[in-house]
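Student: show me how the following folds:
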Amino acid sequence: MLRIIFGCFIAASFYAPVLAVGQPSPTEPAATVRANADLVVVDVVVTDAKQNPVHNLTETDFTLLENGHAETIKDFEEHIAGEAAKLSALPKLDPGTFTNYSPTPASSALNILLLDKLNTPMKDQAYVLAQVLKYLKEARPSTRIAIFGLTSQLRLLQGFTSDPDLLRAALNAKKGALQGSPLLNDPMSGDSPGADDPMMDLATSVLGNSPDGATLLANLQQFQAEQQSFQLQLRTRYTLDAFNQLGRYLSRLPGRKNLIWFSGSFPISILPDGDLENPFGVDASFEDEFRETTNLLSRSQVAVYPIDARGLMTAPMINAANSGGKYAKSNSAYLKDNATFSQQTAAEHGTMMQLAEATGGKAFVDTNGLKEAVEKAVEAGSNYYTLTYTPTNREWKGEYRKIQIKLSLKGLNLAYRRGYYADDSSAPVHHGEPKSASADLAPYNAMRAAMLRGGPDPTQIIFEANVRPSVADAEPGIAQGNKGSPKMTGPYRRYTVYYTAAPKDVSCDSTPDGVRHCLLEFVTVVYDADGAFFNSQSNGIKIAIPAARYTAILHGGFQYRQEISVPVKGDYFLRIGIHDLTTDHVGAIELPVSAVSKLPPLATQAPAPASTATPK
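Tutor: Purely as a prediction, here's the structure:
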């Protein structure tokens, strides 16, 4: 393929590296929870009595109200699963060559599988893993899925992809392995009331036969209760932090997202419950972050589908292993633990259902068919209508506004988010005060979203990237022009990235003399496995192409070359993107460095100059 040499002006590009999951940018301007100024976006899933999606409804079938006041629907669109599944197959590429072409429609919903190991016993984690792997064997080819894991922090296991092999590999990798929660008393079986506690049984038998022993036993029981309360608060905090991080991550991606949350317990409720004095119904210390997280989920068009990883549950008191001991001696102990179990289970299931209803999702409880639950969640969340409106009430005072949608047709079920906080995007943020969700979220930026680690590969510009090691040997410094993180240390391996972009996807203004003028940006970013930024190379290109040369480009494509340095030690990913500055269209590809690190190096010539300084 003919390589077009750009004898052109290379402008300085001030591309800001994308931050790791959940990390806000201190330089971003404030943005409101409302998308596009005062526009409110509501996704609506409509199903019949058998939970099948209902299609071909029109705007006139819907009535939308905010706080009981009818609003005018500004935009209306129906989304149908698998709309573009019949596009041509992926091309066969040479080793080291990758493309962002995909038969998956760019407008299809995104699906996130959240494997909650913090709140789930290992025996239930194993069942969830088996069920998800089973689902992936039969998943619709065009379904875009990302996988996150939650331990004491949120981790990206696999970015958005329609490739089931990549998803299965992520689940079978070390990061996807089962992991006991340090905040469950019994990491293997969980903390259900009535579960056998060998340590307390031993303490009771040893200490319970004397007055002094009874006092010590009471103190031990009090200590255990306080420890369990503290562990629950930590799990609540970590779970809430994870949802907050997910909200920030997903807010940079357009369209609907279906968050499928597998958990063995649900310690939080992040939605208003109608109590004006304490609308969150939780510890006051969590209220600011609860509100912020609610805003983030609303702004990000996230519908939550909680799935109880424990499946069909029975009270542990009737388990044969617990039939003796204290229950053999006291019927009151059985009744107490049974009541506690019932109350706790009802509260957790209530949280799941409230969370699902308020965000437009659906909860799945008391079912061992977790694979089928995922199928139903993905199917429901991929067939929906999008309604947008500008609220009649233009005073943004931070109050919670309820959304209600009605259909002219009877007997149908609606799922949609039930409200939002009307925060004022222009209000100043005072230092020392908790930030709202609008305080550190930038307006949507196409290139920033395109370069987000683990994000879907945008396809407005279809291109190929050939990535090869530049030279055989490691180098002490990074390639010229690279902007590395201070935490990055050598030695480094340098890689060459060859871009080839489809000419039809790049807009070039033409002047009367036939010269084409194009403005392009080429960006390569290095991330570690956890999504932290390590290095980048960014070039803004302004080119003037004579008519004769443009004909050659039409046959060979727009081509460009970059070099990027990656630490030799560690697990890293490359995010490679093209930005047409004229149209604001973008394209991006993500690949693990391990996929190209063992390829033969390109260079037999002397290596290009490298910076020997530590990245700053």
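
Student: got the domain ranges for the chain?
Tutor: Here the domain parsing of the chain from automatic domain parsing is 9-25+447-611, 40-80+385-423, 110-380.

Student: tabulate those (TSV), appending distance to residue 98 and mean pLDDT.
Tutor: Placement of C-beta: from N, CA and C, glycine included. Listed next are the domains of the chain as TSV, based on distance: least, Cβ to Cβ, whole Å; pLDDT from 0 to 100:
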stretch	distance to residue 98	mean pLDDT
domain 9-25+447-611	5	83
domain 40-80+385-423	28	93
domain 110-380	12	77
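
Student: tabulate the ones you listed (CSV), appending distance to residue 94 and mean neighbour count.
Tutor: Converted to CSV, the domains of the chain look like this (distance: least, Cβ to Cβ, whole Å; neighbours: other Cβ atoms under 10 Å):
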stretch, distance to residue 94, mean neighbour count
domain 9-25+447-611, 8, 18
domain 40-80+385-423, 35, 16
domain 110-380, 18, 18
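
Student: name the element the closest residue to residue 100 other than its chain neighbours belongs to?
Tutor: Excluding the flanking residues, the one nearest residue 100 by Cβ to Cβ, 6 or more residues apart in numbering is residue 457, at 4.2 Å. For residue 457, there is no enclosing helix or strand under DSSP states H and E.

Student: swap in residue 513?
Tutor: Using DSSP H and E, residue 513 is not contained in any helix or strand.

Student: list the backbone torsions phi and psi for it.
Tutor: Main-chain torsions, residue 513, degrees, to the nearest 10: phi -80, psi 10.

Student: how near is it to residue 520?
Tutor: Relative to residue 520, residue 513 is positioned 21 Å away (Cβ to Cβ, to the nearest Å).

Student: and whichever helix in the chain runs longest, what does it pack onto?
Tutor: For the chain, the longest helix by residue count, based on DSSP state H, is helix 211-251. Counting by 3 or more Cβ pairs under 8 Å, 6 or more residues apart in numbering; DSSP states H and E, the packing neighbours recorded for helix 211-251 are strand 110-116, strand 144-150, strand 154-161, helix 198-207, helix 287-299, strand 302-308.

Student: please repeat the previous calculation with a cut-off of 6 Å.
Tutor: helix 198-207, helix 287-299 (3 or more Cβ pairs under 6 Å, 6 or more residues apart in numbering; DSSP states H and E).

Student: ok and it relative to strand 144-150, angle-wise?
Tutor: 150 degrees (axes from the mean of the first three to the mean of the last three Cα atoms, to 10 degrees).

Student: quick one: helix 211-251 to strand 154-161, angle?
Tutor: Going by the same axes, to 10 degrees, helix 211-251 is angled at 30 degrees with respect to strand 154-161.

Student: figure out how far helix 211-251 is from the centre of its chain.
Tutor: Relative to its chain's centre, helix 211-251 lies at 26 Å (Cα atoms, centre = their mean, to the nearest Å).

Student: now for the next helix or strand after it, which elements pack on it?
Tutor: Downstream of helix 211-251, the first helix or strand assigned by DSSP H and E is strand 257-263. Applying 3+ Cβ pairs under 6 Å, 6+ apart, one finds that strand 257-263 makes contact with strand 110-116, strand 302-308.

Student: partners of the first one in the sheet?
Tutor: Each strand paired with strand 110-116, and its direction, by DSSP bridges: strand 144-150 (parallel), strand 257-263 (parallel).

Student: and the contacts of it?
Tutor: For strand 110-116, the external contacting residues (Cβ atoms under 6 Å, 6 or more residues apart in numbering) are 144-150, 257-263, 378.

Student: repeat that for 8 Å
Tutor: Strand 110-116 is contacted by residues 125, 128-129, 132, 143-150, 157, 160, 176, 239, 242, 246, 250, 253, 255-264, 309, 374, 377-378, 381-382, 456 when judged by Cβ atoms under 8 Å, 6 or more residues apart in numbering.

Student: for that strand, list the C-alpha coordinates in PDB.
Tutor: Extracted C-alpha coordinates of strand 110-116, given in PDB (Å, rounded to 0.1, in the frame of the first residue of the first chain):
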ATOM      1  CA  LEU A 110     -23.600  -0.800  26.300                       C
ATOM      2  CA  ASN A 111     -23.700  -3.700  28.800                       C
ATOM      3  CA  ILE A 112     -21.600  -3.800  31.900                       C
ATOM      4  CA  LEU A 113     -21.200  -6.900  34.000                       C
ATOM      5  CA  LEU A 114     -20.200  -6.000  37.600                       C
ATOM      6  CA  LEU A 115     -18.900  -9.000  39.500                       C
ATOM      7  CA  ASP A 116     -19.200  -7.900  43.100                       C
END
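
Student: excluding chain neighbours, what is closest to residue 311?
Tutor: Going by Cβ to Cβ, 6+ apart, residue 311 has residue 368 as its nearest residue, at 4.2 Å.

Student: which SSE is that neighbour in?
Tutor: Here residue 368 is assigned to no helix or strand, by DSSP H and E.

Student: check the contact between residue 239 and residue 150; I expect there is one.
Tutor: Yes - using Cβ atoms under 8 Å, residue 239 is in contact with residue 150, at 7.2 Å.

Student: which neighbours do these two share?
Tutor: Shared contacts of residue 239 and residue 150 (Cβ under 8 Å, 6+ apart): 116, 118-119.

Student: I'd like those as TSV, with distance to residue 299 appended.
Tutor: Formatted as TSV, those follow (distance: Cβ to Cβ, whole Å):
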residue	distance to residue 299
116	23
118	25
119	25
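
Student: closest to residue 486 among those?
Tutor: Of all these, residue 486 sits closest to residue 118, with 30.7 Å by Cβ to Cβ.

Student: contacts only, for that closest one.
Tutor: Contacts were defined as Cβ under 8 Å, 6+ apart; by that measure residue 118 touches 150-152, 181, 183, 235, 238-239, 242.

Student: secondary structure class for it?
Tutor: Using DSSP: H, G, I helix; E, B strand; the rest coil, the structure places residue 118 in coil.

Student: next one: it relative to residue 111, how far apart?
Tutor: 21 Å.

Student: ranges for the helices of the stretch 501-616 of the chain?
Tutor: All helices of the stretch 501-616 of the chain, identified by DSSP state H, counting those that start in this stretch, fall at 547-556.

Student: next one: the stretch 351-500 of the chain
Tutor: For the stretch 351-500 of the chain, the helices defined by DSSP H, counting those that start in this stretch cover 370-382, 446-450.

Student: on contacts alone, who are the packing partners of the first one?
Tutor: When you say that, I think you mean helix 370-382. So helix 370-382, by 3+ Cβ pairs under 8 Å, 6+ apart, packs with strand 40-47, strand 110-116, helix 122-138, strand 257-263, strand 302-308.

Student: likewise for the last one?
Tutor: Using 3+ Cβ pairs under 8 Å, 6+ apart as the contact test, the elements touching helix 446-450 are strand 572-580, strand 585-592.

Student: neighbouring contacts of the last one?
Tutor: Contacts to strand 585-592, defined as Cβ under 8 Å, 6+ apart, come from residues 98-100, 159, 446-447, 449-451, 453-455, 457-463, 465, 467, 501, 505, 507, 571-580.
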